[in-house]
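Novice: What would the 3D arrangement of this be:
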Amino acid sequence: MINISNLSIHFGGHYLFDNISFTINSYDKIGLIGRNGTGKTTLLKIIVGLEQPEAGMITIPNNITIGYLPQEMNLNSNKTIYEETKSALTEIQCLEEKIRNVNQTIEEYTDFNSTVYLSLVQELADLNERFRLLGGLSLNAEIEKVLLGLGFDRQDFHRLMNDFSGGWQMRVELAKILLTKPSIILLDEPTNHLDIESIQWLEDYLVDYNGAVIIVSHDRNFLDKVTNRTIEIVKGKIYDINVPYSQYVKLRNEQKEQIYSAYLNQQKQIKEIERFIERFRYKATLASRVQSKIKQLEKLERIEIEEEDLSTMKFSFPDPLPSGKIVCEAKKITKYYGDKCVLHNIDFEIERGAKVAFVGKNGEGKSTFSRILSQNESYQGSLLIGYNVLIGYYSQNQAEMLDENLTVLETIDRIATGDIRLKIRNLLGAFLFSGDSVSKKVKVLSGGEKSRLALARLLLQPINFLILDEPTSHLDMPAKDVLKRALLDYKGTLIVVSHDRDFLNGLTNKTYYFKDKKIKEYQGNINYFLEKYKLDNLNEIERNNASNKTLISQNQDLSKVKSERLKKKKIQKEHNRIKKQIEKLENEISDIEIKLEKLGEFFASKEFIANIKKQNEKKQEFDNLSTLLSSKLEEWSSLNEILEELEK
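Specialist: Numbering: from 1, shown residues only. From the prediction side, this is the model:
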């Protein structure tokens, strides 16, 4: 479908890509992986035409359409969420306008035998068929399905885009891409903008997507669920295997071991040949054999060990000053944004040395509560910060808050004080900024490099209460592992907001679950929390939320459990009844559409032209069927809304 041939590009004095080639097939689901700064985002931009390579070419057939979601966008729209989403469906909207105009013109005609009239009828039939094929008949239902799947509530549909944060606006951009159904979808770190429920929905959507997908992501679970092929960028070259991420890692390690084993055997063979040549070079009786060995050596295709990027972040948090036993105590914390209550009467206490995880779907107040605890957000209630507590806060958009016009060195130098100023370059080196890279402007850094720089800023003072809100966003997998090891050794008090189970596993010893403006405390690490409810991953929590299941604690009385079961049975019964009605309606709608299609064919026939009586009859039949179709579609849409509510 798309052919990338001999692609090369230099960046910062080295090859970002060095003569790489590969083909994207029609139904490939590709995970594009590699260290931060290896060129994953650049490759997507080259495919979509936003950047040009120095050498090589990309061949894209004319009928191929591309949808691209970048990591960051400058969004500015005065439309509502629904209007902005629908604005992407330009062809459908254009068809709607044409159908209205043609219908209006037909209604004004009285000469049903004229060539123009028959031509208009045929045009209307063609337009309606194209409209149906593009999904125009179920357009509103499809828009609702995608927006709800990406985490919006129905009451959000008619709110203005500018009322929402950048992350939520990026969800709208993702919705627009999914609805236009391009031939290939390019997604650059899509899970950074989503909560677990939305990630799960997107996984299912992309698995069934009838087209190609390329995903840049550092989310192991997401890549394993969606992709069937992995392309890794390493030192300007690519490695391409038709398996998901985890299988790819295993196969690549096996490949490396095999290559290294073959390399050692070949080196042993070469040394033996060289020893023979050196020993018998001047012996006349063995001259022919020596020459044979020399030719054998010249013809030998030498195995080369792959050059790997083994550089990793190397850092540890400085030992902090001890704080009081109670680090933070919050009572009756309530937070409103306008009329919307996010948190209500929250009581929370954390002791020195605790390592706590905040989990739950987006919009439940995790980030808001983190900002309150870090004293970066107003609130109602009381908050007591303990003796000698020094707070360090890393927000979700920490990297975006960096001054893009400063260099890497200036970013650290401007806030460093005391003895740490003498160690700035060592600190930056630990975060993989060395040599000329410290002179890079922040605006040219990749998302992962910005995240590393923001983390480096946290080490400029000995913090003893660290609050991290989604710290792994944009970090590559090796960097996530290094950060986790540093946090395991951290001597202070820690709160981590994250949807990443791999990252939280073994890191925290207490979990707070955010739901319905409240928090619930669970002793133990994230695995204990999950095992308690027999959940195999955090996605299950969100599936339970989506289907409105109730987490039943062991001390609930039996009568309440029975009541819940009866309630669920009633809901299931109603769900099945509505579903049957929808299926019946869909069959009726299909029959009406077939009849309308046959009428369209009849309008173009000689029989229609020759029979005036039939012209009037068939036109009336066409109008009646069109009205009936509209009525059935409205009923279908309403029933689907009811079904969605029941499924929740």
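Novice: so which strand or helix has residue 232?
Specialist: Secondary structure from DSSP states H and E places residue 232 in strand 229-234.
Novice: That strand packs against which elements?
Specialist: strand 29-34, strand 237-241, helix 245-280 (3 or more CB pairs under 8 Å, 6 or more residues apart in numbering; DSSP states H and E). To be clear about C-beta, it is placed using only N, CA and C from the backbone, and glycine gets the same treatment.
Novice: Deepest-packed of those, please.
Specialist: strand 29-34 (a mean of 23; mean count of other CB atoms under 10 Å).
Novice: what packs against that one?
Specialist: Counting by 3+ CB pairs under 8 Å, 6+ apart, strand 29-34 packs on helix 40-48, strand 212-216, helix 220-226, strand 229-234, helix 245-280.
Novice: So which bits of stretch 157-164 are buried?
Specialist: Across stretch 157-164, burial judged by 16 or more other CB atoms under 10 Å covers 157, 161, 164.
Novice: one step back: for the helices and strands packed on strand 229-234, give me TSV that also has distance to residue 8.
Specialist: TSV is the format used below for these (distance: least, CB to CB, whole Å):
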stretch	distance to residue 8
strand 29-34	16
strand 237-241	11
helix 245-280	23
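Novice: Can you tell me which of the ones you listed is nearest to residue 509?
Specialist: helix 245-280 (27.4 Å; CB to CB).
Novice: can you give me the mean pLDDT across the following helix or strand past that closest one?
Specialist: Heading C-terminal from helix 245-280, the first helix or strand you meet, by DSSP H and E, is helix 287-299. For helix 287-299, mean pLDDT rounds to 82.
Novice: between helix 287-299 and helix 245-280, how many degrees?
Specialist: Angle between the axes of helix 287-299 and helix 245-280 is 160 degrees (criterion: axes from the mean of the first three to the mean of the last three CA atoms, to 10 degrees).
Novice: Identify the residues contacting the next helix or strand after helix 287-299?
Specialist: Counting by DSSP H and E, the element after helix 287-299 in chain order, helix or strand, is strand 326-337. Outside strand 326-337, the residues within contact range by CB atoms under 8 Å, 6 or more residues apart in numbering are 341-352, 354, 365, 368-369, 372-373, 377-386, 389, 464-465, 493.
Novice: Buried ones among those residues?
Specialist: Applying 16+ other CB under 10 Å to these flags 342-344, 346, 348, 350-352, 354, 365, 368-369, 372-373, 379, 381, 385-386, 389, 464-465, 493 as buried.
Novice: Counting only strands, which of those residues make the cut?
Specialist: 342-344, 346, 348, 350-351, 381, 385, 465, 493 (DSSP state E).
Novice: now for the one helix or strand residue 451 maps to, which elements pack on it?
Specialist: Using DSSP H and E, the element containing residue 451 is helix 447-458. Contact here means 3+ CB pairs under 8 Å, 6+ apart; on that basis helix 447-458 packs against strand 391-394, helix 408-413, helix 424-430, helix 477-488.
Novice: so which of these comes closest to residue 525?
Specialist: helix 477-488 (11.8 Å).
Novice: Could you tell me how far the closest one lies from the centre of the chain?
Specialist: 21 Å (CA atoms, centre = their mean, to the nearest Å).
Novice: Give me the helices and strands touching it, please.
Specialist: helix 447-458, helix 501-504.
Novice: Quick one: mean pLDDT over the shortest one.
Specialist: Throughout helix 501-504, pLDDT has a mean value of 80.
Novice: Equivalent analysis for stretch 469-484, please.
Specialist: 81.
Novice: Run through who's touching it.
Specialist: By CB under 8 Å, 6+ apart, stretch 469-484 touches 34-36, 71, 189, 192, 218, 220, 312-315, 366-367, 370, 393-396, 399, 446-448, 450-452, 455, 496-500, 502-503, 507.
Novice: need the helices for the stretch 1-150 of the chain, in chain order.
Specialist: Remark: helices assigned in the stretch 1-150 of the chain by DSSP state H, counting those that start in this stretch are 40-48, 81-86, 90-108, 115-133, 139-149.
Novice: show me what contacts the residue minimising distance to the centre of the chain?
Specialist: By CA atoms, centre = their mean, the chain has its centre lying nearest to residue 190, at 2.1 Å. The contact partners of residue 190, by CB under 8 Å, 6+ apart, come to 69, 174, 202, 215, 217.
Novice: For the closest residue to the fourth one other than its chain neighbours, pull up the helix or strand it's in.
Specialist: Spatial nearest neighbour of residue 215, excluding adjacent residues (CB to CB, 6 or more residues apart in numbering): residue 187 at 4.9 Å. If you go by DSSP H and E, residue 187 is part of strand 184-188.
Novice: by contact count, what packs against that strand?
Specialist: Checking 3+ CB pairs under 8 Å, 6+ apart, strand 184-188 ends up next to helix 40-48, strand 66-69, helix 166-180, strand 212-216.
Novice: Quick one: distance of the next helix or strand after that strand to the chain centre.
Specialist: Counting by DSSP H and E, the element after strand 184-188 in chain order, helix or strand, is helix 196-207. Here the centre of helix 196-207 is set off from its chain's centre by 9 Å, with CA atoms, centre = their mean.
Novice: got the angle between helix 196-207 and helix 139-149?
Specialist: Using the same axes, to 10 degrees: helix 196-207 against helix 139-149 is 130 degrees.
Novice: Which strands or helices does the helix or strand where residue 521 lies pack on?
Specialist: Per DSSP H and E, residue 521 falls inside strand 518-523. With contacts taken as 3+ CB pairs under 8 Å, 6+ apart, strand 518-523 sits against strand 340-351, strand 510-515, helix 526-532.
Novice: Could I get these in JSON lines, plus columns for mean pLDDT and distance to residue 303?
Specialist: Putting those into JSON lines (pLDDT from 0 to 100; distance: least, CB to CB, whole Å) gives the following:
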{"stretch": "strand 340-351", "mean pLDDT": "92", "distance to residue 303": "56"}
{"stretch": "strand 510-515", "mean pLDDT": "89", "distance to residue 303": "50"}
{"stretch": "helix 526-532", "mean pLDDT": "72", "distance to residue 303": "43"}
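Novice: how about low-confidence regions in this protein?
Specialist: Within the chain, the segments meeting pLDDT under 70 span 11-13, 305-313, 399-400, 417-421, 530-567, 569, 601-615, 647-648.
Novice: sorry, back to before: now the angle between strand 510-515 and the strand holding residue 521, please.
Specialist: Going by the same axes, to 10 degrees, strand 518-523 makes 160 degrees with strand 510-515.
Novice: how close does the spatially closest residue to residue 166 that is not a sequence neighbour sit to residue 69?
Specialist: Spatially, and ignoring its direct neighbours in sequence, residue 166 is nearest to residue 75 (6.7 Å; CB to CB, 6+ apart). Residue 75 is 12 Å from residue 69, where distance means CB to CB, to the nearest Å.
Novice: swap in residue 189?
Specialist: Residue 189 is 9 Å from residue 69, by CB to CB.
Novice: phi, psi of the closest residue to residue 191 other than its chain neighbours?
Specialist: Distance criterion CB to CB, 6+ apart; nearest residue to residue 191, sequence neighbours excluded, is residue 219 at 4.9 Å. Dihedral pair for residue 219: phi -100, psi 100, per degrees, to the nearest 10.
Novice: Fine, thanks again, bye for now.
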